[in-house]
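Engineer: Sequence and computational prediction follow.
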Amino acid sequence: MSKASEIIDKMFLNDPFSQWLGVERIEEEPGSVVLQLIVKEEMLNGFGIAHGGITYSLADSALAFSANGHGIQSVSIETSISHTKAVKLGDVLRTKVTEENLTKKIGIYSISILNQENEKVALFKGTVFRTGKEWEI
């Protein structure tokens, strides 16, 4: 098991929210993870489509796992999302993470949320502060 996977294991086991969402870990590397979830009825809003917080939360988890996979404890300091397509009951959502920039103190990530048809349903941008503190495994 890679160091990134060990760190993500530690984070995930202490992340009841991601577990509650039904997040599945598909691929893990330093700076990039693939996460997936299936949209359930309790995730829908009054319009019968997924609440925007679902794609946001999936992307936020992908940001945390990707950034921390480098072995340095990192926390988000700025995030934003654009919703580009409605998400429906039963949709399978998957993350695609691009590490745009990484310095000693800052990491910038773009995260696309794709559905089962490989259509982009949301685009998330996240910036993390790298604390300098190493993860202990």
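Structural biologist: Nice, thanks for sending it over. Computed from a predicted structure; not experimentally measured. Numbers count the residues shown, from 1 in each chain.
Engineer: CA atoms for contacts and neighbours, from now on please.
Structural biologist: Fine.
Engineer: got the residue ranges for the strands in this structure?
Structural biologist: Counting by DSSP state E, one finds strands in the chain at the ranges 24-29, 32-38, 72-83, 92-102, 106-114, 120-134.
Engineer: For those, please prepare a markdown table with the additional fields mean neighbour count and mean pLDDT.
Structural biologist: A markdown table is the format used below for these (neighbours: other C-alpha atoms under 10 Å; pLDDT from 0 to 100):
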| stretch | mean neighbour count | mean pLDDT |
| --- | --- | --- |
| strand 24-29 | 15 | 97 |
| strand 32-38 | 23 | 98 |
| strand 72-83 | 17 | 98 |
| strand 92-102 | 20 | 98 |
| strand 106-114 | 23 | 98 |
| strand 120-134 | 19 | 98 |
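Engineer: Of all the ones you listed, which one comes closest to residue 47?
Structural biologist: Nearest of these to residue 47, taken as C-alpha to C-alpha: strand 72-83 at 14.8 Å.
Engineer: helices and strands around the closest one, which ones?
Structural biologist: Counting contacts by 3 or more C-alpha pairs under 8 Å, 6 or more residues apart in numbering; DSSP states H and E, strand 72-83 is packed against helix 52-68, strand 120-134.
Engineer: got the angle for the shortest one vs strand 92-102?
Structural biologist: Same thing as strand 120-134. Interaxial angle, strand 120-134 versus strand 92-102 (axes from the mean of the first three to the mean of the last three C-alpha atoms, to 10 degrees): 50 degrees.
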